[in-house]
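*Asks:* quick check, what structure comes out for this input:
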Amino acid sequence: MVDRYVMSIDQGTTSTRCILFDHRGRLCSVAQREHQQHFPKPGWVEHDAVEIWRNVQRIVPEAMESAGVDAAQIAAIGIANQRETTVLWDPRTGVPVGRAIVWQDTRTAPLVDTLRDRPGDEFFLDRCGLPPSTYFSAPRIRWLFEKTPDLERRARAGEVLFGTVESWLIWNLTGGRDGGLHITDPTNASRTMLVNIRTLTWDPELLDFFGVPRAMLPEIRSSAESYGEARALLPGVRITAALGDQQAALFGQTCFSPGEAKCTYGTGSFLLMNTGTDLVRSRHGLLTTVAYRIAGQPTVYALEGPMAVTGSLVQWFRDRLGMISTAPEIETLARTVEDNGGCYIVPAFSGLFAPHWRSDARGVVVGLTSYITKGHLARAVLEATAWQTREVVDAMNADSGLALKQLKADGGMTSDHLLMQMLADVLDVPVVRPLVAETVSLGAAYAAGLAVGYWSDLEVLRGNWHRAGQWLPAMDPERRAGEYESWQRAVQRSLDWVRPDGRPR
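*Replies:* Down below sits the predicted model:
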């Protein structure tokens, strides 16, 4: 019998990966390419969607050649993507109207501040489950309409399409200008501020408020179902899954039961807790979001706490300050001291995400004395990720009524054992890391494989999960409480630094 595989295309914030997985969920080959980050103005972050598609065209053949397989051996394709990043393109030419505006971008802050005043947070929370924020797609579409001559008219005439990156890739894979499919899934659609979180349909009131025409929006399909066959790269192979990257990681970590949670530690970090079929309205600064929807089954929801700056803080420490030459060196440097020396870093480089949602915040370093060394600063960098996670977990426990008992951690930062121990210490729960670290890619593959019967059910996927590492809490409770209080005071000092127009106060 010829071996068959499931292909995952994982389109992330800094790079795109193509990975082949076998029936046991093992990584069989991988190809990866980075794409350029564009920063045209302070707070602006952009990607070239054409460059991303060209990278996909390169890495798919590379991954297949590395595994020695052909298209006939690919059972299905699943796609995971950076969420909220906004792409608008002309379907007649296949050319984007400009660079994609990335989820980290804060150019819409003045518009978002207006939304908070009129009509206010409740209008949006009742409909889409999201608070007004620069994080989401709808304010970006409105901004583009206001800044780009004739764009809104063209969109209303069907001459411009909107999508997050999975929509852009599926459209290109299924034919592009020649009949490409314009679709999305609920995990991505629910992050636009345009979808009713209960019905998972485009909400007329939200569309009317933002002035977004229905004609430019993709069809919403399940996260796992057969969308259609690829016509580019892998002709005839079915595309059967799409999930936002963090929901894909939840799926890849097999968090299928209410109360199970994972946190992916990458450029930013994202903690999601499965709340089952219950739509839990957050009262403590979290997002109510779709975890996944398998065709023919009820929608599964989640609470999410996104943290904008975690791994990128290590990059800043390396590239901007020059304190280390490679990211892994931060653990070695941080281990040269026993504690942070009273120093805390709040990395509000583009405001604070959950649970604060303050676009006026900016990064601060507090507690500096002549005693502080670069070792203390390195430790404060790692602790910033741990304390941000603690804030989100506290909010999640309060919202869900479920006390977190264990945190499944994945992503590039989990290779830092000191950080993993810090997390266990500040959360006071075990932290575990899976054997397969590429959980975003694995989750997209799992969903795609389920849709074609490559895997029979969720329990089979649970059987594929294996623990690679575990860290247990070892911090004195009194010290934990004291340091958390200091962190919270540091956060307060990061607030109210920027005016609504983006100028410093």
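*Asks:* three-state assignment of the residue lying closest to residue 5 once chain neighbours are set aside?
*Replies:* Sequence neighbours aside, residue 20 is the residue nearest to residue 5 in space, at 4.4 Å (criterion: CB to CB, 6 or more residues apart in numbering). C-beta coordinates here come from the backbone N, C-alpha and C atoms, glycine included. Using DSSP: H, G, I helix; E, B strand; the rest coil, the secondary structure recorded for residue 20 is strand.
*Asks:* do the same with the one 4 residues further on
*Replies:* Under the three-state scheme (three-state DSSP), residue 24 adopts coil.
*Asks:* beta partners for the residue nearest to residue 5?
*Replies:* For residue 20, the beta-bridge partners under DSSP bridges are residue 7, residue 29.
*Asks:* and for it, the neighbour number?
*Replies:* 25 (other CB atoms under 10 Å).
*Asks:* how close does it get to residue 32?
*Replies:* 13 Å (CB to CB, to the nearest Å).
*Asks:* do residue 272 as well
*Replies:* 24 Å.
*Asks:* by residue count, which helix of the chain is the longest?
*Replies:* helix 374-400 (DSSP state H).
*Asks:* which elements pack onto that helix?
*Replies:* Packing contacts for helix 374-400, counted by 3 or more CB pairs under 8 Å, 6 or more residues apart in numbering; DSSP states H and E, involve strand 261-265, strand 269-276, strand 300-307, helix 311-319, helix 329-334, strand 344-346, helix 417-427, helix 477-492.
*Asks:* I figured the residue nearest to residue 5 hits residue 69, correct?
*Replies:* Yes. Between residue 20 and residue 69 there is a contact under CB atoms under 8 Å: 6.9 Å.
*Asks:* who touches both of the two?
*Replies:* Residues touching both residue 20 and residue 69 by CB atoms under 8 Å, 6 or more residues apart in numbering: residue 5.
*Asks:* if I look at residue 501, what pLDDT would I see?
*Replies:* pLDDT, residue 501: 57.
*Asks:* from now on call the first residue 17
*Replies:* With 17 as the first residue, the last one maps to residue 517.
*Asks:* quick check: closest non-adjacent residue to residue 297.
*Replies:* Per CB to CB, 6+ apart, closest to residue 297 is residue 304, 6.0 Å.
*Asks:* next, count neighbours for residue 285.
*Replies:* Other residues near residue 285 come to 25 when the count uses other CB under 10 Å.
*Asks:* my error: substitute residue 294 in the last question.
*Replies:* 11.
*Asks:* and residue 211, its phi and psi?
*Replies:* phi -110, psi 140 (degrees, to the nearest 10).
*Asks:* can I assume it is in contact with residue 205?
*Replies:* Yes. Assessed by CB under 8 Å, residue 211 is found in contact with residue 205 at 4.7 Å.
*Asks:* where do the contact lists of those two overlap?
*Replies:* Shared contacts of residue 211 and residue 205, counting by CB under 8 Å, 6+ apart, come down to 218, 236.
*Asks:* in contact with the closest residue to residue 303 other than its chain neighbours, which residues?
*Replies:* Excluding its sequence neighbours, the residue lying closest to residue 303 (CB to CB, 6+ apart) is residue 320, at 4.4 Å. By CB under 8 Å, 6+ apart, the residues touching residue 320 are 262, 286-289, 302-305, 370.
*Asks:* which one of those is nearest to residue 229?
*Replies:* residue 305 (24.6 Å; CB to CB).
*Asks:* what comes up buried for the longest helix of the chain?
*Replies:* 391-412, 415-416 (16 or more other CB atoms under 10 Å).
*Asks:* one step back: what's the host helix or strand of the residue nearest to residue 297 in contact with?
*Replies:* In this structure, residue 304 sits in strand 303-308 according to DSSP states H and E. Strand 303-308 is contacted from outside by 145-147, 202-203, 205-207, 213, 216, 239-240, 259, 263, 266-267, 288, 290-291, 295-298, 315-322, 370, 463, using CB under 8 Å, 6+ apart.
*Asks:* alright, calling it a day.
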